[in-house]
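A.B. asks: here is the input, now give the coordinates:
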Amino acid sequence: MPSQRLVYTALSRHAFYAKELVCAHAFRQGVVPLNPFCMFGYFLYDLVDRDLVRAANMRIIETVDEIWQYGAVSDGCLAEIRQALILGKPLRFFSVGKTVETIRELSVDEIEFEAVSIREIFTSEIQPKLVR
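C.D. replies: Residues are numbered from 1 along each chain as shown. Here you go, the predicted structure:
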């Protein structure tokens with residue numbers, strides 16, 4: 001059996017409800033998803049300092065082959081996208097929905113953001129670096 005790519009499946013806390021759907025979508029695409037909410041819940045439910053969980057997520061990003069962003073980009077997701085770019089990791093963007101079948105890949109113009117400030121940073125800093 002060929003080695004499967006490892007994919008970090010990023011999503012904001014507002015899409016927490018879809019963590020299993022996101023993983024199912026990734027598995028159906030033939031990759032192994034590493035989802036921070038499935039590994040650590042929401043910041044390990046504050047049992048440890050949140051910065052420890054953030055650092056763990058960044059370490060996981062170092063090991064994966066790709067980063068797939070699902071749903072709207074939050075400030076935390078933006079930090080993960082920045083890390084992926086620094087490391088030269090491929091990025092893909094997907095919608096998020098209530099079923100696996102409704103998830104689809106997004107063009108750069110279709111990406112949603114949780115705040116105008118995140119959109120502005122993405123447009124000026126990230127978008128020019130994306131190879132499409």
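A.B. asks: and the top helix by length along the chain, what does it pack against?
C.D. replies: Using DSSP state H, we find that the single longest helix of the chain is helix 50-63. Contact here means 3 or more C-beta pairs under 8 Å, 6 or more residues apart in numbering; DSSP states H and E; on that basis helix 50-63 packs against strand 6-11, helix 36-40, helix 75-86. Bear in mind the C-beta positions are built from the backbone N, C-alpha and C, glycine included.
A.B. asks: got those as a markdown table, with mean neighbour count, distance to Thr99 and mean pLDDT columns?
C.D. replies: Shown next, in a markdown table, are the helices and strands packed on helix 50-63 (neighbours: other C-beta atoms under 10 Å; distance: least, C-beta to C-beta, whole Å; pLDDT from 0 to 100):
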| stretch | mean neighbour count | distance to Thr99 | mean pLDDT |
| --- | --- | --- | --- |
| strand 6-11 | 24 | 16 | 94 |
| helix 36-40 | 17 | 18 | 73 |
| helix 75-86 | 18 | 22 | 90 |
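A.B. asks: next, format the ones you listed as JSON lines and append distance to Arg92.
C.D. replies: JSON lines is the format used below for these (distance: least, C-beta to C-beta, whole Å):
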{"stretch": "strand 6-11", "distance to Arg92": "8"}
{"stretch": "helix 36-40", "distance to Arg92": "17"}
{"stretch": "helix 75-86", "distance to Arg92": "10"}
